[in-house]
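> what's the 3D shape of this:
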Amino acid sequence: MNFVNSSILTGVSTVVKLASNLIITKLVAYFYGANGMFLLGNLANFLTFLKAIATGGIEQGTVKYVSQYEDHSKEQKKTIVHSLQIAFVFSSICGVVLLLFRNQISTYVLLESNYAYLFAVTGISTVFFSLNLIFLNILNGLREIKRFVLISLVGNIFSLLVTLLLLYFYELDGVLLGFCINQAVVIIPTLLFVYKDWWLQISLVQRIQWAFSQKLFRFSLMAFASALTVPMTYFLLRKLIGDRLGIDQAGMWEALVRLSSVFLMVLAASYSTYLLPTFSSLSKNELRKELFKVYKIVIPISFIGVLALYFLRVFIIKILYSDEFLPIQDLFLYQILGDGIKAITLVTGYLIIAKGMTKAYVFNEVLQMAVYMSVSYLLLDQFKLLGVTIAHLTTALSCLVFQLILFRKVLWPKN
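Have a look, this model is predicted:
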């Protein structure tokens with residue numbers, strides 16, 4: 001299956017996921033305003049961090065080795081067993097920590113201990129959403145894209161219905177609760193699709209081989225780097241904006257970030273299902289051809305998306321949010337230009353993962369956090385929220401320059 005066909009299939013599922021997120025965001029923005037967006041953003045960042053930690057950071061490693069060992073059934077089975085064992089152990093530890101320290105975590109993430117029950121529920125459900133993620137990564141590694149997309153599609157619809165039901169009965173608390181459990185409840189439709197698969201018939205009661213586990217843990221440092229830097233950057237920026245400009249302005253910025261990254265989410269989904277398993281199996285010469293083939297598609301689409309979002313920004317804000325959020329239209333230019341560049345850097349970002357370049361990946365993540373935070377800090381007082389969008393564009397450009405230098409021998413070989 002080529003990049004275009006894979007993108008179309010994953011695009012369908014991602015559009016549904018995107019639509020469900022936008023529906024929830026619209027309802028929160030309309031009924032609870034900027035303060036509701038602030039809480040939703042903080043919780044979403046925390047769950048992103050938890051997602052990486054609870055799987056042991058081996059998601060991308062699972063995809064890589066299940067795909068790489070397609071002609072070696074013994075090694076492929078070993079990958080699957082170790083992935084499920086590691087995810088179970090890490091998610092169990094995370095669950096216990098969440099239950100024990102729910103009050104402190106609630107105060108830090110959502111600014112008050114009244115939401116401690118959300119983190120208790122999350123702790124109980126952590127094992128289920130961790131295993132569900134590994135199931136989906138196994139399917140991705142096996143290149144069963146159609147089933148992967150179908151399961152994701154059904155799971156997204158199912159989680160949306162659960163969240164809407166909770167919103168109806170418990171209002172904003174219901175939405176937050178839905179965000180905490182929807183990754184866990186979607187294991188139900190996933191199991192209905194995969195319970196007869198050969199890889200679920202493998203006995204999991206096997207001794208963990210440390211030498212083999214190390215292959216998977218090579219990817220943990222990369223996952224943990226993203227889990228720490230990306231959500232932490234947004235969390236700290238939201239806090240910085242809240243402290244200097246007020247909670248309402250922090251909520252406005254959250255609305256902008258969610259809206260501007262819409263098309264980036266669609267592209268990123270197709271990247272993960274096609275690029276990672278493909279890049280893992282290609283030689284240097286084949287990589288160059290594949291990269292340019294993908295760039296010919298990604299670059300035009302990225303900038304068409306940027307232009308469309310910019311010229312339709314007022315219409316989109318009114319449809320997805322409310323008139324209260326119209327001031328963010330003035331912040332679009334630098335924000336979506338940064339997103340367009342990020343869409344391009346994600347391609348070589350997956351190449352870094354596929355080749356297991358841990359040091360380069362960690363440096364890339366730390367570089368982005370350092371640039372984003374420092375430029376935002378310097379520009380916030382003078383330019384307000386516009387300064388944060390300039391920092392976003394600066395971060396994307398610095399990431400692009402680093403990756404072009406890193407892969408210069410692949411992109412522009414001397415011979």
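
> phi and psi next, for the residue nearest to Gln76 when sequence neighbours are not counted.
Nearest non-adjacent residue to Gln76, counting by Cβ to Cβ, 6 or more residues apart in numbering: Tyr69, 4.1 Å away. All C-beta atoms are positioned from the backbone trio N, CA, C, and that covers glycine. Torsion angles at Tyr69 (phi, psi; degrees, to the nearest 10) stand at phi -100, psi 30.

> for the residue nearest the centre of the chain, helix, strand, or coil?
Closest to where the C-alpha atoms of the chain average out (Cα atoms, centre = their mean) is Thr48, at 6.8 Å. Thr48 carries the three-state label helix when classified by DSSP: H, G, I helix; E, B strand; the rest coil.

> how close does it get to Pro231?
5 Å (Cβ to Cβ, to the nearest Å).

> which is the next helix or strand following the helix or strand hosting Met222?
According to DSSP states H and E, Met222 maps onto helix 220-245. Moving toward the C-terminus from helix 220-245, the next helix or strand (DSSP H and E) is helix 247-260.

> from the rest of the structure, what touches that next one?
21, 25, 29, 33-38, 40-41, 234, 237-239, 241-242, 309, 316-317, 320-321, 325, 327-328, 331-332, 335-336, 339, 384-385, 388-389 (Cβ atoms under 8 Å, 6 or more residues apart in numbering).

> which of those residues fall within helices?
21, 25, 29, 33-38, 40-41, 234, 237-239, 241-242, 309, 316-317, 320, 332, 335-336, 339, 385, 388-389 (DSSP state H).

> so where is the stretch 1-150 of the chain shaky, pLDDT-wise?
Confidence mapping of the stretch 1-150 of the chain against pLDDT under 70 gives the ranges 1-12, 71-72.

> packing partners for the one helix or strand Leu166 maps to?
Remark: Leu166 resides in helix 145-185, with elements defined by DSSP H and E. Judged by 3 or more Cβ pairs under 8 Å, 6 or more residues apart in numbering; DSSP states H and E, the packing partners of helix 145-185 are helix 3-54, helix 116-141, helix 187-194.

> buried residues, the shortest one. List them.
Okay, so that is helix 187-194. Buried residues in helix 187-194, counting neighbours by 16 or more other Cβ atoms under 10 Å, are found at Ile187, Pro189, Thr190, Phe193, Val194.

> columns pLDDT and distance to Phe90 on top of those residues, output as TSV?
Converted to TSV, these look like this (pLDDT from 0 to 100; distance: Cβ to Cβ, whole Å):
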residue	pLDDT	distance to Phe90
Ile187	90	16
Pro189	86	24
Thr190	88	19
Phe193	86	24
Val194	86	21
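
> nearest to Met373 among those residues?
Ile187 (35.7 Å; Cβ to Cβ).

> that closest one contacts Phe129, correct?
Yes. Here Ile187 reaches Phe129: they are 7.0 Å apart, a contact under Cβ atoms under 8 Å.

> follow-up on the earlier one: of the helices and strands packed on helix 145-185, which stretch is the most buried?
Highest mean neighbour count among the helices and strands packed on helix 145-185 (mean count of other Cβ atoms under 10 Å): helix 116-141, with a mean of 23.

> run the angle between it and helix 145-185 for me.
Between helix 116-141 and helix 145-185, the angle comes out at 170 degrees (axes from the mean of the first three to the mean of the last three Cα atoms, to 10 degrees).

> helix 116-141 to helix 187-194, inter-axis angle?
Going by the same axes, to 10 degrees, helix 116-141 makes 20 degrees with helix 187-194.

> any stretches of the stretch 301-415 of the chain with poor pLDDT?
415.

> give me the pLDDT value at Leu204.
For Leu204, the pLDDT comes out at 65.

> what of Leu287?
Looking at Leu287, its pLDDT is 83.

> that one touches Thr278, doesn't it?
No. Contact criterion Cβ under 8 Å: Leu287 and Thr278 do not qualify, at 9.4 Å.

> more neighbours: the two, which one.
Neighbours were counted for Leu287 and for Thr278 using other Cβ atoms under 10 Å; Thr278 has more, 22 against 18.

> the more buried one sits in which helix or strand?
Going by DSSP H and E, Thr278 is part of helix 276-280.

> can you list contacts of that helix?
3, 60, 63-64, 67-68, 140-141, 143, 287, 290, 350-351, 353-355.
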